[in-house]
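Peer 1: Turn this into a structure:
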Amino acid sequence: MFKFKAHQYFWITCLFFLLLWLYWSNSDDAIDINIHDTYFVIANSHIVKLLFALYGFIGFIYWAFYETKIFLIRILTKLHVLITIGSVPVYFLGLKLFKLKPPNTNFPLIDDLSDENLFLTLLFLFVIIAQLLFIINLSISPFKNFKRKS
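Peer 2: Residues are numbered from 1 along each chain as shown. Prediction:
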């Protein structure tokens, strides 16, 4: 499955975010998150900047462990890389599908965003769980390596 190292996958994804950042730098595209009676409107360019920095940092952490020859738990690494990087195309495909979906209501002034909010919430939950797996992997692996070298 892994032809590249984990840090290379994250850095390739960073290049994708850099291209999106350049594309959306002068755009008004935004994501709307409705929580009860509050709307959070976040520009796509800001989200892409944040993801660019986060994915680059995660790639740097994987690179540091690779260079210091601290071997991470393979299954946790695969799960983390698959979920974290796989969430990017799932996010964009999901939003495209929601834009194609006709509204459920007969009254055109009310947006029906409950399905889209559920999709974003579940995707965010999976990504948070993947980051917890990453932290567990980073916490356990140095001890396993130290024990193996002793």
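
Peer 1: Check what contacts the helix or strand Phe16 falls within and list those residues.
Peer 2: Using DSSP states H and E, Phe16 sits within helix 6-24. Among residues not part of helix 6-24, those counted as contacts by CB atoms under 8 Å, 6 or more residues apart in numbering are 4, 43-45, 48-49, 51-52, 55-56, 58-63, 66, 72, 77, 80-81, 84-85, 88. From N, CA and C alone the C-beta is placed, and that goes for glycine too.

Peer 1: With stretch 37-47 instead?
Peer 2: Leu20, Trp21, Trp24, Ser25, Ser27, Asp28, Asp29, Ala30, Ile31, Asp32, Ile33, Asn34.

Peer 1: list the buried ones in the helix or strand that contains the last one?
Peer 2: Asn34 is part of strand 30-35, with elements assigned from DSSP H and E. Along strand 30-35, the positions that meet the burial threshold by neighbour count (16 or more other CB atoms under 10 Å) are Ile33.

Peer 1: Name the residues that touch that strand?
Peer 2: So strand 30-35 is in contact with Tyr39, Phe40, Val41, Ile42, Ala43, Asn44, Ile47, Leu95, Leu113, Asn117, Leu120, going by CB under 8 Å, 6+ apart.

Peer 1: By pLDDT, give me the weakest of these.
Peer 2: Least confident of these in the model: Leu113, at 66.

Peer 1: The helix or strand bottoming out on mean pLDDT in the chain: what's the following helix or strand?
Peer 2: Of all helical and strand segments in the chain, the minimum by mean pLDDT, DSSP states H and E falls on strand 30-35, at a mean of 76. Downstream of strand 30-35, the first helix or strand assigned by DSSP H and E is strand 38-43.

Peer 1: Quick check: chain neighbours aside, which residue is closest to Glu116?
Peer 2: Phe98 (4.7 Å; CB to CB, 6 or more residues apart in numbering).

Peer 1: Now do Leu122: how many residues are near it, please.
Peer 2: 11 (other CB atoms under 10 Å).

Peer 1: tell me the angle the helix or strand hosting it makes with helix 6-24.
Peer 2: According to DSSP H and E, Leu122 maps onto helix 114-149. Going by axes from the mean of the first three to the mean of the last three CA atoms, to 10 degrees, helix 114-149 is angled at 150 degrees with respect to helix 6-24.

Peer 1: What is helix 114-149 packed up against?
Peer 2: Counting by 3 or more CB pairs under 8 Å, 6 or more residues apart in numbering; DSSP states H and E, the packing neighbours recorded for helix 114-149 are strand 30-35, helix 44-67, helix 74-100.
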